[in-house]
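Student: pasting the sequence and the predicted model now:
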There are 2 protein chains.
Amino acid sequence: MARFVTTEKLNELFDWLENLGLDVLYIRDSEDHRDVNLKYLTGHPEDASLFIDVQNRQTVLIPWDYQLSNNYSEVDQVINIMEYDGGLIPATFETLKSIVNSNPKIGVPKSIPYFYVRTIIDQIPNAEIIYNPQEIDTKLDQLRSTKSPHEISLLKKSVSISNQLVEEMEELMNRHSPNNIETEVDLAIFVENRMRELGAFGTGFETLVASSKRSWQIHTYPRADQLSMYRPGLALIDFGVNAEGLTSDVTLPFIIGKMNNKMKVIVETVEHAHNEAIDNLREVNFLHEVAEVAMRIIESKKFKMPHGLGHGIGLTVHDSPDLRKKPTHEILLKNWTDTRLEEGMVFTIEPGIYEKDVGGFRLENDVIITSKGPQVITNSHPIFIDL
Amino acid sequence: MARFVTTEKLNELFDWLENLGLDVLYIRDSEDHRDVNLKYLTGHPEDASLFIDVQNRQTVLIPWDYQLSNNYSEVDQVINIMEYDGGLIPATFETLKSIVNSNPKIGVPKSIPYFYVRTIIDQIPNAEIIYNPQEIDTKLDQLRSTKSPHEISLLKKSVSISNQLVEEMEELMNRHSPNNIETEVDLAIFVENRMRELGAFGTGFETLVASSKRSWQIHTYPRADQLSMYRPGLALIDFGVNAEGLTSDVTLPFIIGKMNNKMKVIVETVEHAHNEAIDNLREVNFLHEVAEVAMRIIESKKFKMPHGLGHGIGLTVHDSPDLRKKPTHEILLKNWTDTRLEEGMVFTIEPGIYEKDVGGFRLENDVIITSKGPQVITNSHPIFIDL
């Protein structure tokens, strides 16, 4: 295995950090704090410290599991924590001390656990901590937001399995029989097993399935309470396939039985917002504009969308870029940077409306920005089930 | 649903924070930063800010998904972020400003993302950030480390399903036929589906399965490369059942075919360390002593154990307390507190040895500390498969 960042982009990062005046950038991923930049920059899946050592222009990995790094990582140096008493934390800070000069400038991403910042200050009293989300986090997000041809080829394996699952679910849900899918849990298990049979490594995130009884809610993990998928109304499944590291993300909405007028307006409005957003990707300069187009359509019908329009997909299901309206609150504006639409971006478009009386409806597809414009690579569409 | 902490313990926390001189304790859980204290103190599953408002003696929850809090949370006040432009972050800091006086002392757990610390400083310039892991984190860990009768009754549902799975796996693996389990993926899928059939919500963590080809490694997620479980040598499955919020955690080791001498020593040594550790729970005062007993047994045979002896289980698979040897490195010692063995603790005992030439062997069971001493509640044991 190997890192996902291209050599060109990694060099760009070194140059850019050097211009910013940093000596080291410290990335940390652990069980209670996930940072996708670790996997992106090294290939190492999880649980490690990473130093981007600008002065010596090298990447130094301190993994919790040394063996794992032999299989996955592409870095200049790997530290074996078994050589330090007590493991990863001593190994991390001993290594940091060994690579920096006096008065080092050490950059950190905005969500690094506070413990590490305090430990740097404690261990290297002359260190200057560089916290600058609008520079550092924006740069890392920007590197990950456009995918290389290699990343796109890996993603397409996930997408191909996802597309087959959509076809099979449509067929299965229409062929309602006692031996087929009945409950939310049945549908989740079908998707999760079938994707592995088709060659996936596993799910890209926890599958959400909501029958019409609770589709108006947003966090709908399939529960053991066995709600029927065939209750009339609006239902959905939101699932991701991880075939080779990169995940797809699709929501398939079901209309079970006859729609009342409110449901019809919801379904039409979401489809309209979905299609207009994708069309607008040919015209807009900045991603927040696309989100604003979709939100205006939804708000013109007196509904609200309680989440953003979409998000990048990649090594994590919520990758950069983010597709949401430009904020107005000062805390958010302070951390905001306009993101320009760029070739190579891959993201979801997923407008949704959720109403307690009639249920929730979300239509979600994945889009790649190619030199010829947006290309929808998944096949989700409203599925009408007669009762 | 309701919070998991008892009213008695919550009052103890308020009193204790007041004695420490804190005005507010800030807990945050988000997709890239999990903090089990959110779920423990409120019942809310994820993605929220929580203020333990000591001055007004109230808990204030700011959830990303307001509906979810109606179903799950037990707090004094819930803030609807839809009433704040842009969501959770503005709602969090507007709320914080509204509940504190001038010069507030705001406590944070050690792993809170640095962004929140900086935003408090930015929004409330007179705030004093109280970072004190040996007090704050130790106290939270200590509260969670002993389980109430209610928590134990929830956990026992997971354990009961886990025990049935162990019996069924032993039977299935012995009945090797082409229609049964053949590969690592087959075994993972069997366990994950079967636990749901038996009434579990889902897995407590990602299932690890390792055939003898790679059991010497530690992070062995079942891969799509379909390695046979029947390759001679040492194999294992490490799985967790989450039936009602609390997770079990068991590793079942398989000895496939005949053992060579080195394998025999490994199996005997691990079993000896496992049994001695459990026996020692009757005698020791501090948990690090138990870990040291097990490590001495393993090291006396010239092996190393590359992980701790065990960990608490609960709302997260790696809950407090931690069972590991007392560190010697100063960074670790600075954050170390001896943990006394207490009634109501529930944790794993899981010694393991991993050797590249013959494979890895780990035996893991869950133990409750009762008034009458340690009680092993799971049924893992070495399973010998004839070829």
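Tutor: All right, it came through fine.

Student: in three-state terms, how would the closest residue in space to A:Ser371 that isn't next to it in sequence be classified?
Tutor: Counting by Cβ to Cβ, 6 or more residues apart in numbering or on different chains, A:Glu343 is the residue found nearest to A:Ser371 once chain neighbours are left out, at 5.7 Å. For glycine as for every other residue, the C-beta is placed from the backbone atoms N, C-alpha and C. Reduced to three states with DSSP: H, G, I helix; E, B strand; the rest coil, the structure at A:Glu343 is coil.

Student: what separation do you get for A:Glu343 and B:Ala294?
Tutor: Between A:Glu343 and B:Ala294 the distance is 56 Å, computed by Cβ to Cβ, to the nearest Å.

Student: compare neighbour counts for those two and give me the winner.
Tutor: Neighbours were tallied for A:Glu343 and for B:Ala294 using other Cβ atoms under 10 Å in any protein chain shown; the higher tally belongs to B:Ala294 (28 against 12).

Student: counting by contacts, list what the lowest-mean-pLDDT helix or strand in chain A packs against.
Tutor: When the helices and strands of chain A are compared on mean pLDDT, DSSP states H and E, helix A:66-72 comes out lowest with a mean of 87. Contact partners of helix A:66-72 among helices and strands, from 3 or more Cβ pairs under 8 Å, 6 or more residues apart in numbering or on different chains; DSSP states H and E: none.

Student: what residues of that helix count as buried?
Tutor: Of all the residues in helix A:66-72, those buried under the rule 16 or more other Cβ atoms under 10 Å in any protein chain shown are A:66-69, A:72.

Student: so where's chain A shaky on pLDDT?
Tutor: For chain A, the stretches flagged by pLDDT under 70 are A:86, A:222-225.

Student: need the helices for it, in chain order.
Tutor: Residue ranges of the helices in chain A, as given by DSSP state H, are A:7-20, A:36-42, A:66-72, A:88-99, A:114-123, A:136-145, A:149-174, A:184-197, A:261-280, A:287-300, A:330-334.

Student: buried deepest among those, which one?
Tutor: Mean neighbour count (mean count of other Cβ atoms under 10 Å in any protein chain shown) peaks for helix A:36-42 among the helices of chain A, with a mean of 25.

Student: ok, residues contacting that helix?
Tutor: Helix A:36-42 is contacted from outside by A:3-5, A:10, A:13, A:27-29, A:44-46, A:48, A:50, A:52, A:59, A:61, A:72-75, A:109, A:140, A:143-144, A:245, A:314-316, A:319, using Cβ atoms under 8 Å, 6 or more residues apart in numbering or on different chains.

Student: tell me which residues touch the residue nearest to A:Ser371, please.
Tutor: Going by Cβ under 8 Å, 6+ apart, A:Glu343 touches A:146, A:369-371.

Student: adding neighbour count, write these out as JSON lines.
Tutor: Formatted as JSON lines, the entries for those read as follows, by neighbours: other Cβ atoms under 10 Å in any protein chain shown:
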{"residue": "A:Thr146", "neighbour count": "18"}
{"residue": "A:Ile369", "neighbour count": "19"}
{"residue": "A:Thr370", "neighbour count": "13"}
{"residue": "A:Ser371", "neighbour count": "6"}
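
Student: can you tell me which of those residues are in strands?
Tutor: Per DSSP state E, strands hold the following members of these: A:369-370.

Student: between the contacts of A:Glu343, which is nearest chain B?
Tutor: Nearest to chain B among the contacts of A:Glu343: A:Thr146, at 21.0 Å, using Cβ to the nearest Cβ.
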